Structure formats: C-alpha cells, structure tokens
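> kindly generate the corresponding structure for this input.
(6 chains, ligands or ions: 6)
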Amino acid sequence: MKKLVKVEIITDALEVESIIKLLDEVGVSGYSIISRDVTGKGKRGIRSGDKLTELFKNSYVMVVCNEVEMHKIVEAVRPVIKKFGGVCIVSDVILRIHR
Amino acid sequence: MKKLVKVEIITDALEVESIIKLLDEVGVSGYSIISRDVTGKGKRGIRSGDKLTELFKNSYVMVVCNEVEMHKIVEAVRPVIKKFGGVCIVSDVILRIHR
Amino acid sequence: MKKLVKVEIITDALEVESIIKLLDEVGVSGYSIISRDVTGKGKRGIRSGDKLTELFKNSYVMVVCNEVEMHKIVEAVRPVIKKFGGVCIVSDVILRIHR
Amino acid sequence: MGIDFNLIVNNLLHPPVLFFFLGMIASFCKSDLKIPEPLSKLFSLYLLLAIGFHGGVELHKTGINREVVFTLAAAMAMSVIVPAYTFFILKLKLDVYNAAAIAATYGSISAVTFVTAITFLQSMDIESGGYMVAALALMESPAIVIGIVLARVFAHTKGNKETRENNEIGEYREFSWAAVMKEAFLNGSVLLISGSLIIGLISGEEGWDMLKPFTKDIFKGMLSFFLLDMGLLAAKRISDLRSAGFFLPPFAVLTPLFNACIAIVIAKCLGMQPGNALMFAVLCASASYIAVPAAMRLSLPDANPSLFIPMALAITFPFNITVGIPLYFYLISLYWK
Amino acid sequence: MGIDFNLIVNNLLHPPVLFFFLGMIASFCKSDLKIPEPLSKLFSLYLLLAIGFHGGVELHKTGINREVVFTLAAAMAMSVIVPAYTFFILKLKLDVYNAAAIAATYGSISAVTFVTAITFLQSMDIESGGYMVAALALMESPAIVIGIVLARVFAHTKGNKETRENNEIGEYREFSWAAVMKEAFLNGSVLLISGSLIIGLISGEEGWDMLKPFTKDIFKGMLSFFLLDMGLLAAKRISDLRSAGFFLPPFAVLTPLFNACIAIVIAKCLGMQPGNALMFAVLCASASYIAVPAAMRLSLPDANPSLFIPMALAITFPFNITVGIPLYFYLISLYWK
Amino acid sequence: MGIDFNLIVNNLLHPPVLFFFLGMIASFCKSDLKIPEPLSKLFSLYLLLAIGFHGGVELHKTGINREVVFTLAAAMAMSVIVPAYTFFILKLKLDVYNAAAIAATYGSISAVTFVTAITFLQSMDIESGGYMVAALALMESPAIVIGIVLARVFAHTKGNKETRENNEIGEYREFSWAAVMKEAFLNGSVLLISGSLIIGLISGEEGWDMLKPFTKDIFKGMLSFFLLDMGLLAAKRISDLRSAGFFLPPFAVLTPLFNACIAIVIAKCLGMQPGNALMFAVLCASASYIAVPAAMRLSLPDANPSLFIPMALAITFPFNITVGIPLYFYLISLYWK
Ligand SMILES: Nc1ncnc2c1ncn2[C@@H]1O[C@H](COP(=O)(O)O)[C@@H](O)[C@H]1O
Ligand SMILES: Nc1ncnc2c1ncn2[C@@H]1O[C@H](COP(=O)(O)O)[C@@H](O)[C@H]1O
Ligand SMILES: Nc1ncnc2c1ncn2[C@@H]1O[C@H](COP(=O)(O)O)[C@@H](O)[C@H]1O
Ligand code: NA
Ligand code: NA
Ligand code: NA
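Ligands and ions are numbered 1, 2, ... in the order given. Next comes the predicted model:
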C-alpha cells in the first residue's frame, strides 16, 4: 500500500506517440492508454473522429506515479496539450497492488 | 493548477445524447465520453450489449468542473440515472493543464 | 450522497472473467468494465494486443464500493495481478446518484 | 403430412439453415467462436442492400400492376391489424408498455427470415415477385407507430405506475411524435432497403448487370455467414427467456402460426401465386429484432427489451426459418390445389 | 450542351452514384444509418488493392511504351504545378499553413473519384489504360512534399504567430524531413496501391485469373457500398463548411474545373485517347480527403483540418462524381472531334 | 535442384504470396498501413468456413474409403508424435511449461499455410482430396492436450519455481481437465472448420452450387487480403524474437523440415497421391499461431506467449509459405518418381 498520484491526460489521439515518448523520458514505471472511442467536447469544439483519416479523435492516458514524476510529466506534456488541446488532471490514489 | 472536481457518470449508452444536452444546458467547459465497450453489472443485471441493436450498452461520461457546476450536473442527470440506471460519482482533482 | 471508494484494476484482459467471479464472491453491488482497446506498458513490457489471438491485451475494471468490500476485493485479486501483472489503485469518491 | 415433413427436412438441410444450427451449437457448448460486431453489421447492411436492389430491379421489369397494388395494400393492412389485435391479447397478461412493444415487434418483419424463405423457394425453382420486397419495406414501420399510439392511449386512461415514471422522465425528455416518426420511417434498415429498392427501380437491367456478382452471386454465402452469427446470438438470448414467464414463449410460436394463416387466406382471396403467398405469410409471421426493439426502447422506455428481443430472436426467428417456412408452404400447396 | 446534359443524367443514374445520394439523404434526414469504421476501412483497402492489381495486370499486357512514359511524366508535372499555383492563390486569403495544406489537398488525388470515372467509361464501353493507375499512384505523394516545402519557406520569411507556436511545439517534436518523406511516400494508401500494382505487373494474366472474381466481379458492388458510406460522411462534413467563409467553397468547385481543363489540354497535346484523357483530367481535378489530411495534420500542425477535409470531401468529391466526370468527358469529346 | 528452384520462384510469384511480402515490406518501412482487427477476423473466419465447406463437399463426392481412413489415422498419429518428441528436445533448453507450449504449437496446424499449399497445387492443376481438410480439423486439437499432459506430468516430478507459482495461482483458478478439453476441442477455429465440413458433407453438390461463388470464386482474393495482413503481423513479431535466444529460431525452421520429411515417408508408405502427400506434409510442418497460443495461455499460464507466437508466426509460417511448400513438393516429386 503506497500513497501515489494518478495523472490523467486527454488529448488528440495523434499525439499519444509523443506523450509516450515523453513518459519514457521521464521514466515512469508504466502507463495505461485508452486509445480509441474517446470522444468529447472542449474549447476546440466537438471531437468525434473522422472515419477516413485518424483525425479529430481523443485518447486517454493514465499514469500512476509519485509526486516528483507527476511534476515532470506535467511540464513535459504541457506544450502538447497547449497546442493540440485537452486536459491533464491529477488526483491522489493509493496503490494497493502492483506486481 | 486549479482545485476542481471530476464527475463520472456511467449509464445506458442510449442516454448519452440526453446527458450531453443536459451538460450543455449546465454550460460546462467540456466533457469526455467513452461511448463503446463499456460493459458492467448492477441492479439491472449484466449489461454486455446487443450486436443487432444498440441496446444493453453502457457509456462513460467524465466532466472536470467546479463545485457549483457539479451540483447542477448531478441534479440534471438524476432522473436519467434513476430511470435508466447507472452511477454518478464525484471526486477531487487538480487541473494541471488546460488549453 | 455517500462517501465510498473507487477501486480501479488494470490487468490482462483474459483474467477479467476470473476477476468478475471474485467480485461476485465478494458480493459487490456492481462493477464497470472497459474490456477492449486498453493498452499500456509496465514491468512486463508493452501490451498492445495481438489481432489473431486475444493475448497481450489489458482490461480496466472499476468498482464503487465501501472500505470493507474494498479490502476484500484487494485481497481477492492480489494473486491474479501478482501473476498476470497490472495495477490496483483505490481512491475516495462521493456517490452522488445510484438507482 | 408426408410432403410437409420432407419439406421441413429439405429446408433444414440447406447450408444457410445448417450454419444457423452450427452457431447455436457453438453457443450451447460455450465455444469461444465469436463474430465481431462490425461483421454482423456488414452482413445485415449487405442483405438489406442486396434484397432491396434485387427487388427494385424485379419491380422495374414487371412494373406496377393491379396484383402489385393489392398485395401492397394487404401488406399495409396486416401491419396495422397484427399489432392491434396482439396488443389486446397481450394486455391481458402484461402492462400497457410491454404489451404495446411486443405487439409492435410482431406487427413488423424480419428481413433475414424473408431472404431465408426466398432461398427456400429458389431451391424448388419457384418464383416470387420483386414487389414482395416493397411489401417488406412497407411493413417494417407502421407497427411501430401503432404500438406507440396504443401505449399512449391506454397508459393515460389508467394512471399506472409506469405513467408516473413516464412523467418524471418527461422532465428531461419530452415525448415527440416527430421523434417517433423519424424512428419509425427513417431508421437505418427501413431507409437502406427502400433506398436500394428505388435505386434498383431506377437503374433496372443495366444496373443489375453491374451489381449482380455482388448482390446475387455471393448472396447465399453472406446469408450463411450471417445465419451462423444469428445462431450464436439466438442461443445466447434463450437464457433471458427465464424472466419471460409461461405466457410469452408459447405466444412467440402461436402468433407467427396464426398470422401466417390469416396471411394465407388473404393471399388466396387476392389470387396470389404460391411463391408470393409464402413470402406474404412469412412477412406476417416474422417478428422484428432489430428496428423495432431500438425504436421501442427510445419511444416506450418503460417496456422491457429483455422480454421482446429474446421472444423475437430466440423463439420466433428460429421457429420460422426451420419449421415455419416449409410448414406455411405446405399449407399453401394444399390450399392452392 | 444537350449531350452534356444526357451524360450527366446517365452518370447520375448509375447505382454507385445513386448509393452516394442515398447516403447523403440518410444523413440529411438524420437517419441512424451507420457504417462502422472497420467496414469503411474494408471498402477503401479493397478498392486500392483491386484497382492497383487491375492496373498492374493491364500494364503487364501493354508494357511500358512512349505513351505511358509521357503520361506518367505529365502526371508528375501536374502534381507539382497544381499545389504550387493554388498555394499562391490561397495565400491571398489564408495564412501560410492553411494555404499550403489546401494546396497539397488539391495537388493530390482521390482514388474513389478515379474508380467512379472508370465505371462511367465502362458504361460507355470506352477503354482506359492500366498505366493510368500508375499515374494515380504517382500523383498521390508529391503534392504533400510541395505543400510542406512551401509552408516552411514562406512561414520563415515572415515571423508570424504560427511560426512562434511552431517553435514552441518544436520543444517536444522536431520537424524532420525523414518523417515527412515517410508520411508522403510510405503512407498506407500509396503503399497499398503501388504494391498491388507491382503485384499485378509481376503476376500478369495468370494472377488475374486467380483474383478476377474478387478484384473485378464484385468491384462495382463494393464501390456502391463505399459510396453509400461516402455519402453519409460527405453530408456530415457539410456543416463544418460554415467556418470556411465565402472564399473556399467556390474555390472547391472552380479549382477542379480549372485543373481538369489544363489536364485536357495537356492530354490533347500528348495525343492521349479520350478514355485516358478523362482519367487524367479526373486525377488533376480530384482532391485528397484521406492521405493528405493525415499527412498535413502531422507535418503542418498549424493548418486547420476542418477547413481542407470538408472542402475535399463535401464539395469537390460530390461535384466530381456527379457533374464533373461527365462534364470533363463532354469537353473531351468536343475537343477530340 | 533446378526444378526445385523454379518451383520456389513460381510459388513466390503467386499473388497471395506476393501480398504477404507487401505486408512485410509495409511493416518494415514503418508504413501506417493498418488492417483493423474485425477485418482480420473476417478473413480468418471466412477461410475456415470456406475450406471446411469445400472439403466437406469433396468428401461427399469421394465418400469415406480405405485411403481416407488411413490418412486420417496417420494425421491423428502425427498430431500425437510431433508434440511428444519435440517436447523432449525443447526440454533440454527450456523449462517444462515453455517446452510443452512450443511442442503443442508445432504439433498443431496452420489453416492459412494449408490453403496456400492448395493454391500452389491448383496452379499446377494437381488435385488434393477433400478429406485432407478433415485431417486438418483432426490435427488441430490433440497437440494441445498432449502438451498440457506432458507439462503437468513433468512439472510435478520436479518442484520447480513455476509449479509453486502454479499452486499460488491455483488459489483462485483451479486447473480443470474439462476446461482444457473445451479449449482444445471446442475453440472457435476447430468448431467452425469441422462444422463447415459437416455442413458440406450434408448438403453436397446442391449446397456447393449455392455457395460456390462465395466459398470458391472470391477465395483467392480473400486469401491474398489475409496474407497481406499476415505479412504485417509476422513482420511486427520478428522483433519479439530477440528474447528467444539462439536455440529457438533455428528450431522454428528445422522442425517443420523434419516433420515434413517424416510426413512424406508416411505418405509414401500409405501410397498417397502427390497432392495429398504435400497437404499432409504441410499439415505436419505447419505450426499454430491462433488456436494453440490462446489455449496455452489459459491452460499453461507459466509458458511465455512471446516465445511461441513469434516462432510460429514470424519464422515457421513465412518459411512454409515461401520456401517450404515448393521444397516439400520437390522432395515428393523426386520420391514418387
Ligand atoms: N472540462 C472537461 N472535462 C472533461 N474533458 C474535457 C474537458 N475539457 C476538455 N476535455 C477533453 O479534452 C478534449 C480537447 O479539449 P479542448 O482542447 O478544450 O478542445 C475534449 O474533446 C474533451 O475530450
Ligand atoms: N457499484 C458499481 N461500481 C461500478 N459500476 C457500477 C456500479 N453499479 C452500477 N455500475 C454501472 O452502472 C450500470 C448500471 O447500473 P444499474 O443501474 O445498477 O444496473 C452497470 O451496468 C455498471 O456498468
Ligand atoms: N504505473 C502505471 N500506471 C498506469 N498503468 C500501469 C502502470 N503500471 C502498469 N500499468 C498497467 O498494467 C499493465 C500491466 O502492468 P505490468 O504487470 O507492470 O506489466 C500495463 O500494460 C499497464 O496497462
Ligand atoms: Na410480422
Ligand atoms: Na488533384
Ligand atoms: Na504441425
């Protein structure tokens, strides 16, 4: 049982690769992604995907990590979200099991 | 960095349209939806979808907003959830980045 | 309005059936599952699915329950996660609506 | 009865029907055989497009004559009569909303049952008019409207629990006839089959030559694949019937039989050919498990889909494609003698 | 003009085009007719594989002669000229990034428009050379590179807002020509069509006999199904055009027309056959709504996809497959007389 | 050797094999060419249904004679012998669980390799008996059972780490033979191919005429499409082989070769025709990358799927469809002389 934080990022699906690269640079122990069927609405209007291209889709990235890593992640992904939109929220969690 | 709440709603996928309408009436800045492959179990039994119709499916709606909006949302979606089932949970989050 | 906890489990998609059996034994009031398109990375490396078999896929299971049930769930799923990998995190939520 | 029995056996030995059984068996012995949802959609969209287009081309050849008009009129009539009379039978046992939803389900039609019947006829080199597809398209929607009208009329006469809930839900979703009509007449399957029919009607022979390999040659193969899927689905739904009680399962067998009989009598009076008579009987006997359940869930949210979907999909549909079709044809062949 | 009108009407009455209208109608009257994404992918992958393979086999027969070389050279030339000149027109009204992205969109091609034109020709028993498919493959990519080159050259001359943002984003993603080239020449559709073309070229007649039922016989059916889907998509995108202002919609009709005219003149000079001339005109007139938008979003993130996708998909594509193709052919038949 | 070389080259020039290369190339040069999962399922389900049905119809014609019985018996025997002997070879280098899982993988079969071999034979107008499909169906499951039996027998003799883990996991999931048998004999692919075979057997010629355009005419096209997909997948898996060490990659080439040789000798002794001999050799040489890995992951959770999937999919499968099939046939043609 460990007190950690959960970082949740929702942004343009096309940016997931860049986000993953950034997470690997930060050196997190792991992450989870919901890469399809994440639609939504925000400042850039409705994002419900385009069947022919991979545009207008969102993805959800979730990382369980410690405070220090969290701050690194936030700084790393800020330009991506600033440019391509989305949100990054952080909340407290307790890690009960991790292999 | 802003202290906000995360409202999570799980209910019948067919009601997502009504939920969105209600969120727009409340006037939230945005929302995210996972509209497919959300299955589950609850008081109404198992919900694992029907391939021919769009019935028996759940959807997940998530809104990052402030306390006031949260209360409005909860009141707005209550009849939907009361009638078509599901849950609505609220938790504290810190908004780290939003374009 | 009820103070509860949210248990989130991410593990091998093939183990979801066992997890559900365990949740039913614990006797939770309900659960939600995102069974497809949950990819990620962890100690066992990248998990991005295999199109021909159902292997190398993750699933996300979420349960809103009380402290007591939470502890039972954590103990029940521990061997699954220890063996097949994944994470189990717990956070505080407020149940605003439940039919 | 001998002929009848042979007819049934022959029907059961057609590959499409056999694949339906294979699907059921796979599901019963809990095999992991799965057909992903987009493929089910591919097959159902393909079938609607293909039979719509084929029917349109046929209609283009024959043109619209007296027989066509009478048949379509009869089809319309049945799609109003069936939901109406079944509603009052069902209301004896069920609340207004479920009675109305089930009535609508049986008033409407099943396209897959229809094409299975066509396959059955073709295997005996018996013709059926392309305008029967027009009848199919015409019979899909009216039952939905009838069902909703009946539900609203009778719900408001007696202020039962459902009505109150209905008002509560009214808070966030107003009932609108516009929405109902859209659901009834503009739902995907109605639009695709009528649209394809009109396209066939316009493009005629020339269009047929263009699309024949796609819409006709591989048709039975696609149907077999879809019936494999339907077998998997039907078997899965059977377990839901536990909640249906003792009244509904028999209802799901007797109603098709009875409707088929009415249809056969009407067909005889109108002097239809045996082939068309069978198609007409099958339309009246079949129940909808796609368009109507979707419409009912949205327009009659108080009706319980786990009642009418399993009835139509797990009882009436298998009954029709296995025993029903040859049985109705047997009755016709006796009667037309 | 009379002939022209007949041509247009005849073209509009082909099943594939009619299914496109059906899709548009379904979308306009808000029907719930939906075609799941994997099926759209099935149809688009199938079309690329089938026309690529067919073209390769044709090329195998004819071999590579003087006419082929000249045609391919002309195709290459047009895929450089078109984005270049349109860029400078667009830059009068738009910022550098959007001008470049739209220029690339119109410099590239649309495979579905191409096959609709082939269907149009076949209905009049007019041949077109298999090497036109090679031209199609050749014309897809260069416009992407030209567009990006223009954007970078002109963005850096005047330090506008976008450039700064571009630098900021540069923090986490370096611009790399390698990535651009990969996007341009190794994207899925380019690779599949050129690969299938080469496979057709290698396996020739024998290969053709193997795959004909799949790549040719059911082709028009698959195309009709895909055009139904395209109709649904195009109609959905029309609403996005509100943000496009008064300049772009006319641009999306006039550019194809103008490019077709240039193409026809070139075709005449090169002494192409009418069939090939039409295919060449259609290639120059069509705009890309798949490969190019994807490449632009990644290489020119400051361009706005909700401008160039609706233009290509909701205006230029429908214009070409309905009025454009017969119109271009009318001009050719006048000119070739 | 000259003939052999020609055979290989000719085989490599068949469209299906060329599309496999196209897929590999696309994946190597990191193209974004993707085939959505439901389409892969469509192709694999289609192939199983089509070859099962075709084989059943053939069997209906020939009937069950002495040759059929002997061939099926030999098939059964090989599906027991192969996993048994490979297990003991593998156990020299690997732990019990991985040895058993890989043994099962090579004891079972690959349907796509089988149909590629049929395509190879057809291109030389050589027949193969429909009952070889029955052999295919028979050979899929036994290896799974053998593998699990061996694993449990040898795991419990020496109490190694895995066993302890196994007990720990036992806490929440009991090992059950019922589950294993279900996995082995009722998994989707076994059920679909045997079911389709039986359906073909029942419906015979008449059924064949109904489904031929779907199950035969477009077959090679669907196979090409699927092999394009397989090429993408196989290339992706190659990188996983880094973890496989120096022993397994050669094993993945030599085992098929050796098994093919045994099969050829047996075929000769049983006096099979060259065509059937090749199919038998291919069955013994091929390894399963669908049914068996799934079963192993569930029944032997301590085996590592990233070992046996890449071996079967990224080495053995490509080896067989490119070099293996013509090579085996060359040996047969020498031997049968
Ligand atoms: N307040 C919010 N709550 C939940 N999700 C949001 C919110 N704002 C934006 N999003 C998600 O982020 C995506 C991009 O947001 P934006 O950049 O504001 O257009 C949207 O499509 C939503 O999926
Ligand atoms: N305690 C719970 N935890 C997580 N999800 C739940 C819970 N209860 C219900 N749900 C979700 O809400 C849906 C409808 O719930 P119900 O109305 O109780 O049948 C279920 O199918 C689940 O997806
Ligand atoms: N720190 C983490 N944050 C979020 N998800 C994780 C984390 N670690 C592991 N996971 C998820 O759990 C799966 C299995 O983890 P592992 O057992 O560590 O390989 C990964 O594929 C991820 O989807
Ligand atoms: Na009916
Ligand atoms: Na162009
Ligand atoms: Na083998």
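> so what's residue 28 up against?
As the question left the chain open, I've gone with chain A. Contact partners of residue A:28, counting by CB atoms under 8 Å, 6 or more residues apart in numbering or on different chains, are A:63, A:65, A:69, A:73. The way it works is simple: take the backbone N, C-alpha and C, and place the C-beta from them, glycine included.
> that's the wrong chain, I wanted chain D
residue D:235.
> quick check: it vs residue F:224, distance?
35 Å (CB to CB, to the nearest Å).
> of the contacts of residue A:28, which is the nearest to residue F:100?
residue A:63 (37.2 Å; CB to CB).
> surely the closest one is within a strand?
Yes. Applying DSSP: H, G, I helix; E, B strand; the rest coil, one finds residue A:63 inside a strand.
> what residues does stretch D:121-136 touch?
D:10, D:14, D:51-52, D:54-62, D:64, D:67-68, D:71-72, D:75, D:109, D:111, D:114, D:118, D:193, D:197, D:200, D:273-276, D:278-280, D:283, D:329, F:206, F:210.
> residues near the residue nearest to residue D:214 when sequence neighbours are not counted, how many?
Among residues not flanking residue D:214 along the chain, residue E:221 sits closest, at 2.1 Å (CB to CB, 6 or more residues apart in numbering or on different chains). Counted with other CB atoms under 10 Å in any protein chain shown, the neighbours of residue E:221 add up to 25.
> now swap in residue A:75 and tell me
13.
> from residue D:176, how far out is it?
50 Å.
> cool, and residue A:25?
54 Å.
> so what's the residue nearest to residue D:214 up against?
D:211, D:213, D:214, D:215.
> equivalent analysis for residue D:298, please.
B:14, D:179, D:183.
> most neighbours among these, which one?
Ranking the contacts of residue D:298 using other CB under 10 Å puts residue D:183 first, with 24 neighbours.
> apart from its chain neighbours, what residue comes closest to that residue?
Nearest to residue D:183 is residue D:295, by CB to CB, 6+ apart, at 4.3 Å.
> would you mind listing what in the stretch 151-300 of chain D touches chain F?
D:213, D:217, D:218, D:220, D:221, D:222, D:224, D:225, D:228 (CB under 8 Å from any CB of the partner chain).
> would you list these in a markdown table and tack on pLDDT, secondary structure and distance to residue F:249?
A markdown table is the format used below for these (pLDDT from 0 to 100; DSSP: H, G, I helix; E, B strand; the rest coil; distance: CB to CB, whole Å):
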| residue | pLDDT | secondary structure | distance to residue F:249 |
| --- | --- | --- | --- |
| D:213 | 98 | helix | 45 |
| D:217 | 97 | helix | 45 |
| D:218 | 98 | coil | 41 |
| D:220 | 97 | helix | 45 |
| D:221 | 98 | helix | 40 |
| D:222 | 98 | helix | 42 |
| D:224 | 98 | helix | 41 |
| D:225 | 98 | helix | 38 |
| D:228 | 98 | helix | 39 |
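> those strands in chain A, which residues are they?
Along chain A, the segments classed as strands by DSSP state E run A:2-12, A:31-42, A:45-47, A:58-65, A:87-98.
> nearest to residue F:291, out of those?
Nearest of those (CB to CB): strand A:31-42, 26.6 Å.
> how about that closest one: buried residues?
For strand A:31-42, the buried set under the neighbour-count rule, 16 or more other CB atoms under 10 Å in any protein chain shown, comprises A:31, A:32, A:33, A:34, A:35, A:36, A:37, A:38, A:39, A:40, A:41, A:42.
> what helices or strands is it leaning on?
helix A:16-26, strand A:45-47, strand A:58-65, strand B:31-42, strand C:31-42, strand C:58-65 (3 or more CB pairs under 8 Å, 6 or more residues apart in numbering or on different chains; DSSP states H and E).
> that strand near ligand 3 anywhere?
Yes. Residues of strand A:31-42 contacting ligand 3 under CB under 6 Å from any ligand atom: A:31, A:32.
> of the contacts of stretch D:121-136, keep whichever come out buried.
By 16+ other CB under 10 Å, the contacts of stretch D:121-136 give D:14, D:51-52, D:54-60, D:67-68, D:71-72, D:75, D:109, D:111, D:114, D:118, D:193, D:197, D:200, D:273-276, D:278-280, D:283, D:329, F:210 as buried.
> now, those that are in helices?
The helices in this structure, assigned by DSSP state H, contain D:51-52, D:54-60, D:67-68, D:71-72, D:75, D:111, D:114, D:118, D:193, D:197, D:200, D:274-276, D:278-280, D:283, D:329, F:210 from the buried ones among the contacts of stretch D:121-136.
> hang on, the earlier thing: relative to ligand 2, which of the contacts of residue D:298 is nearest.
Of all the contacts of residue D:298, ligand 2 sits closest to residue B:14, with 12.5 Å by CB to the nearest ligand atom.
> how many neighbours does the residue of the stretch 151-300 of chain D at minimum distance from chain A have?
Nearest residue of the stretch 151-300 of chain D to chain A, counting by CB to the nearest CB: residue D:188, 16.0 Å away. Applying other CB under 10 Å, we find 20 other residues in the vicinity of residue D:188.
> cool, and residue D:70?
Using other CB under 10 Å, residue D:70 has 15 neighbouring residues.
> that one contacts residue D:270, doesn't it?
Yes. Judged on CB atoms under 8 Å, residue D:70 makes contact with residue D:270 at a distance of 5.1 Å.
> what sits against the nearest residue in space to residue D:186 that is not next to it in sequence?
Of all residues not flanking residue D:186 in the chain, residue E:31 sits nearest, at 4.4 Å (CB to CB, 6+ apart). Taking CB under 8 Å, 6+ apart, we find residue E:31 in contact with D:182, D:186, D:187, D:188, D:191.
> what packs against the helix or strand encompassing residue D:327?
Assessed by DSSP states H and E, residue D:327 sits inside helix D:325-336. On a contact count with 3+ CB pairs under 8 Å, 6+ apart, helix D:325-336 meets helix D:2-12, helix D:111-122, helix D:248-269, helix D:274-285.
> measure whichever residue of chain A sits closest to chain F to residue A:17 for me?
Nearest to chain F in chain A, going by CB to the nearest CB, is residue A:54, at a distance of 8.3 Å. When CB to CB is applied, the distance between residue A:54 and residue A:17 equals 11 Å.
> for the closest residue to chain C within the stretch 1-150 of chain D, which non-adjacent residue is closest in space?
The nearest approach of the stretch 1-150 of chain D to chain C comes at residue D:32, 8.3 Å away (CB to the nearest CB). Distance criterion CB to CB, 6+ apart; nearest residue to residue D:32, sequence neighbours excluded, is residue F:188 at 5.1 Å.
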